[in-house]
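Peer 1: how would this look folded up:
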Amino acid sequence: MNDLDALLTPEGRALLDEVRDTAPADELAVATRLRREHPAELVSAAIGQARLRQRAAAKFAAEDAQRMFFTPNGVEQSTRATVATYRARRLKELGVASVADLCCGIGGDAIALARVGIRVLAVDRDPLTAAVARANADALGLADLIEVREADVTEVDATPYDAVFVDPARRGGRGRIFDPEAYSPPLSWAVDTALKSPHAALKVAPGIPHEAVPAEAEAEWISDGGDVKEAVLWFGTAPGAVRATLLPGPRTLLSRGLPNPEVRSVGRYLYEPDGAVIRAHLVAEVAEEVGGGLVDETIAYVTADEARPTAYASAYEITDQLHFSVKKLKALLREREVGVLTVKKRGSAVEPEELRRKVKPHGPHSATVFLTRVAGAPTMLIGHPAQDT
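Peer 2: Predicted coordinates for the structure are as follows:
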């Protein structure tokens, strides 16, 4: 708190401007120079904050990150701005005008909600985290729409608000927490709170088991740029619905309740579904779109004879199918002068870097190898990104 208070003073803000672009290798020299004119603690706080802002630029727009304040946990656990904005817009489309943001962290979601015109009560029990959220609302000119309250979320009355958003802590002293009941607060409390509100969105880990999704909820898995970021349990929308949403876009694939695709022989094309599609168990929907089947009943690779456009999977043209053999792969890559080798795997224990080290690719061409199983047998599929899909 003392560091934050000092950084909010005119002297602290001036120092933040001065050190904003300091490279890690220059931090010691910059700190030594600035300590001649400023308190050592303030200089350390400013340089530490500048470092956090540089890290935060990966999640927030660079312009926002340079105006905001962060804690190490806040940078690590905050929602990426693109995902928060998508979720905020969806709440806006549902007619939501006010949200109780419970477990608000440094305020990333509250900022996205306020920017689409939603009034927000942002709550966190940690004094420093709440203070940072308040400073961020002020720094971005959103203080009129965001009220920050330091409190235990389980003691907050959310009934005056149109919707509840809950982002429970999913990290403990030993790292990530996978049991939803070990979240802080537990998922069961969040669900009970959601059921009392006209609308609700609960952010959960993308690895949440489907059987843990309440019957009253719609489950949505979200990826951004191909990376799965989170799952959201929506209440007051479409109970039982399952969807995968890909950003940017957004592009959304809804479950149609299809049975598992049939296993078939490898065709000319291989489709690698987006991670959100796989997490949402919607590989069958992709297979139907491209007219394909699975290479193995346990592997989420779809194969087809024709190239068909789909937003929900990356397509590759397959040139070779070989039983797994480092020696055979090395010979094939040497013959085709492949120097840039992309290794993808699903259902294989072989590590990509280990394989690259063994085959020693060299040459002007590129290729992709998939280490997988085909009809239960360890297999290598070699190809390249398809140009027509």
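Peer 1: I'd assumed Leu247 was in contact with Ala311.
Peer 2: No. Counting by Cβ atoms under 8 Å, Ala311 stays clear of Leu247, with 11.3 Å between them. (C-beta placed from N, C-alpha, C; glycine too.)
Peer 1: Compare the two and say which one has the larger neighbour count.
Peer 2: Taking neighbours as other Cβ atoms under 10 Å, Ala311 and Leu247 compare with Leu247 leading, 19 against 14.
Peer 1: And the residue nearest to the more buried one when sequence neighbours are not counted, how far from Met68?
Peer 2: Leaving out its chain neighbours, the residue that sits closest to Leu247 by Cβ to Cβ, 6 or more residues apart in numbering is Asp224, at 4.3 Å. From Asp224 over to Met68 the distance is 19 Å, taken as Cβ to Cβ, to the nearest Å.
Peer 1: The two: which has the busier surroundings?
Peer 2: Between Asp224 and Met68, counted using other Cβ under 10 Å, the more crowded position is Met68 (27 against 21).
Peer 1: could you point out where the stretch 51-200 of the chain is predicted with low confidence?
Peer 2: The stretch 51-200 of the chain contains residues with pLDDT under 70 at 171-175, 177.
Peer 1: Can you show me the helices along it?
Peer 2: Remark: helices of the stretch 51-200 of the chain, listed N- to C-terminal, are 62-65, 72-77, 81-93, 108-115, 127-139, 187-195; assignment by DSSP state H, counting those that start in this stretch.
Peer 1: Give me the buried positions along the fifth one.
Peer 2: Of the residues in helix 127-139, those buried under the neighbour-count criterion (16 or more other Cβ atoms under 10 Å) are 128-139.
Peer 1: Can you spell out which helices and strands pack onto it?
Peer 2: The elements that helix 127-139 packs onto, with contact taken as 3 or more Cβ pairs under 8 Å, 6 or more residues apart in numbering; DSSP states H and E, are helix 2-7, helix 72-77, helix 108-115, strand 119-124, strand 146-150.
Peer 1: List the contacts of His199.
Peer 2: By Cβ atoms under 8 Å, 6 or more residues apart in numbering, the contact list for His199 reads 91, 94, 96, 162-164, 234-237.
Peer 1: Could you list which of the residues you listed belong to strands?
Peer 2: When the contacts of His199 are checked against strands (DSSP state E), the matches are 163-164, 234-235.
Peer 1: which SSE is the residue positioned nearest the centre of the chain in?
Peer 2: Most central in the chain under Cα atoms, centre = their mean is Lys229, positioned 1.9 Å from the mean C-alpha point. Lys229 belongs to strand 227-235 when elements are defined using DSSP states H and E.
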